[in-house]
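> Got a predicted structure here, sequence first:
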Amino acid sequence: MKLKSNNSIEPLTTKINNHNNLEIGGCDCVDLVQKYGTPLYIIDEETLRTACREYKNAFKNYEKTRFLYASKALCTSAILKIVSSEGFGFDTVSKGEIYTALNAGIDIKTSLFNGNNKTEDELEFAISNNIGRISADNFYELELLEKTAKKLNKKVDILLRITPGIECHTHEYIQTGTIDSKFGFGLNKIDTAIDLIKTKYKNINLKGLHAHVGSQIFELNIFKDEIEILIKEISRIQNKHSLTLTEINIGGGMGVKYIDNDKPLDVNEVAKTVISSIEMYCKKYNIEYPTLYIEPGRSIISPAGVTLYTAGSQKEIPEINKKYIALDGGMADNIRVCLYKADYTAKLANKPNNNDLENVTLCGRFCESGDVLIENIKLPKIETGDIICIFNTGSYNYSMSSNYNRVCKPAMVLVNSGFSDIIINRETFDDLIRNDVIPNRLNNV
Ligand code: LLP
């Protein structure tokens, strides 16, 4: 069976070309660097579209499936346009993400607005632009929603975000009960919320329940347990409140392969488990099959992305048998290593086949000792000026990037069939100081 895109460390189009260089999307990485500079984010359109299609194909037997790309993973106008053209709506979490979708000309009526502290202004923006669903997170927000919808003379369709009591931290299950999560209504608060909606909040139309159990999930049973909780609650709500909810949103979380040891789930297996769980629990708890929303982020965009860096200085510490190779990027374009001890894989883009291997640590250029991208990796002997390709950086890299040390953010290029197009311009120094203000009185001192 062909492996799915989330089971590939590299973009699906990656190969070594006749010039003995790494090629992605039909573009020679060395040429890309000459044209656009480094650090450079690259997104392979074919891998991205394949990931979307794999989801749609996997869930094709459950017609009531709706796909929402979790745009927090990577939100740019071009990326949203591509994903939208594959039939996905969006899981958005801020006015900025919604604004980006609108800027890309996307109708957000199939999208959802999610988050634990949406402001009144954000809710007003989302509702007046006809967002499809709002996932209401807490009592404060229910009140704000009613107020805003009333003001706009609209009815809003919402889901209730619930904390199902299953949390997944990377590969483990951690049962925290319903206590320790900043997101959503604890199961014991659902009845109060529904009472309010039924009696007080006339502009709110409750359609279903929403949960998200974690990210980089490698375990099928998590989805099964989550679905049971959602369906059991819908059945309980039906009996207790005579209210029929017709939608469940199971969130995202499907893992990807950063390193050889990662064993992500096959999207077909996930779909099989999700669909059979829905069928089984709908029967058990006696409810109709609901509309199913899924919100993958990482597994859609991560494998499509790589980052190219140029190797600069080197430092050898023979006492501890260590060699640092410093790259021209680091924690400001990829904070995930510092933040989560995330693992990555790399190759030399200009000599991927070289057999002269040595153990090195790829560190960044930022003023912090923890600014390391890959600790201890075997790579062909690196010389200053070599180009390093780090794989699987499509998700949560650019979206969590910063200007730490006042370094400009990298450009992002979309590659496909030998074409390359800028989708995010490299930041300039003018961009860096765009919002700086020197108060007048400082000019007189
Ligand atoms: N839906 C909800 C409600 C979420 O909170 C998230 C992610 C997703 C969907 C998408 O999850 P995914 O399919 O991407 O796993 N910055 C972290 C990941 C944070 C995920 C937050 N929520 C990282 O870099 O690993």
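Yep, it's here. Numbers count the residues shown, from 1 in each chain.

> SS state for Glu197?
Not quite, residue 197 is Ile, not Glu. helix (DSSP: H, G, I helix; E, B strand; the rest coil).

> where does the protein have low pLDDT?
Residue ranges of the chain with pLDDT under 70: 1, 167-179, 445.

> how about a cut-off of 80?
1-3, 167-179, 444-445 (pLDDT under 80).

> report the longest strand in it, please.
strand 305-317 (DSSP state E).

> how far away is whichever residue of the stretch 301-445 of the chain sits closest to the ligand from Ser313?
Residue of the stretch 301-445 of the chain nearest the ligand, by Cβ to the nearest ligand atom: Tyr396 (3.1 Å). Glycine gets a C-beta too; all of them are placed from N, C-alpha and C. Between Tyr396 and Ser313 the computed distance is 28 Å (Cβ to Cβ, to the nearest Å).

> Give me the more crowded residue out of these two.
The neighbour count for Tyr396 versus Ser313, taken as other Cβ atoms under 10 Å, is higher for Tyr396 (24 against 11).

> and that one, what is it in contact with?
72-74, 298, 302, 336 (Cβ atoms under 8 Å, 6 or more residues apart in numbering).

> Just put those residues in JSON lines and tack on secondary structure and neighbour count.
Formatted as JSON lines, those follow (DSSP: H, G, I helix; E, B strand; the rest coil; neighbours: other Cβ atoms under 10 Å):
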{"residue": "Lys72", "secondary structure": "coil", "neighbour count": "22"}
{"residue": "Ala73", "secondary structure": "coil", "neighbour count": "26"}
{"residue": "Leu74", "secondary structure": "coil", "neighbour count": "28"}
{"residue": "Arg298", "secondary structure": "helix", "neighbour count": "25"}
{"residue": "Ser302", "secondary structure": "coil", "neighbour count": "29"}
{"residue": "Arg336", "secondary structure": "helix", "neighbour count": "18"}
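
> wait, which of those is closest to Glu269?
The closest of the contacts of Tyr396 to Glu269 turns out to be Arg298 (Cβ to Cβ; 16.9 Å).

> isn't the closest one right up against Tyr258?
No. Arg298 lies out of contact with Tyr258 (Cβ atoms under 8 Å); the separation is 10.1 Å.

> Could you give the separation of stretch 385-402 from the chain centroid?
Centroid displacement of stretch 385-402 relative to its chain, using Cα atoms, centre = their mean, to the nearest Å, is 14 Å.

> Now do the very next helix or strand once past the longest strand of the chain: everything it contacts.
Using DSSP states H and E, the helix or strand that follows strand 305-317 in sequence is strand 322-327. Contacts to strand 322-327, defined as Cβ under 8 Å, 6+ apart, come from residues 39, 309-317, 358-365, 373, 382, 388.

> Intersect the contacts of Tyr396 with the contacts of the ligand.
73, 298, 336 (Cβ under 6 Å from any ligand atom).

> Nearest spatial neighbour of the second one, chain-adjacent residues omitted?
With sequence-adjacent residues excluded and distances taken as Cβ to Cβ, 6 or more residues apart in numbering, Arg298 is closest to Ser395, at 4.2 Å.

> which residues touch that neighbour?
73-74, 256, 297-298, 300-302, 305.

> Relative to Lys202, how far out is the nearest residue to Glu358 once chain neighbours are set aside?
Distance criterion Cβ to Cβ, 6+ apart; nearest residue to Glu358, sequence neighbours excluded, is Lys381 at 5.5 Å. Plainly put, Lys381 is 70 Å away from Lys202 if you go by Cβ to Cβ.

> same question, Pro352
Remark: distance between Pro352 and Lys202 (Cβ to Cβ) = 63 Å.

> so where do the helices sit in the stretch 151-300 of the chain?
Remark: helices assigned in the stretch 151-300 of the chain by DSSP state H, counting those that start in this stretch are 190-199, 220-241, 267-285, 298-301.

> Could you say which of those is packed most deeply?
Highest mean neighbour count among these (mean count of other Cβ atoms under 10 Å): helix 298-301, with a mean of 30.

> Which elements pack onto it?
helix 45-58, strand 65-70 (3 or more Cβ pairs under 8 Å, 6 or more residues apart in numbering; DSSP states H and E).

> Identify the residues contacting the first one?
The list of residues contacting helix 45-58 from outside it, by Cβ under 8 Å, 6+ apart, reads 4-6, 8, 11-13, 25, 67, 69, 79, 82-83, 86-88, 267-268, 270-271, 294, 296, 299-301, 303-304, 394, 414-417.

> okay, now the nearest residue to Glu383 once chain neighbours are set aside: neighbour count?
Closest residue in space to Glu383, ignoring its immediate chain neighbours: Ala311 at 7.1 Å, by Cβ to Cβ, 6+ apart. Other residues within reach of Ala311, judged by other Cβ under 10 Å, total 22.

> Ala311 touches Pro380, doesn't it?
No. If you go by Cβ under 8 Å, Ala311 and Pro380 don't touch, sitting 11.2 Å apart.
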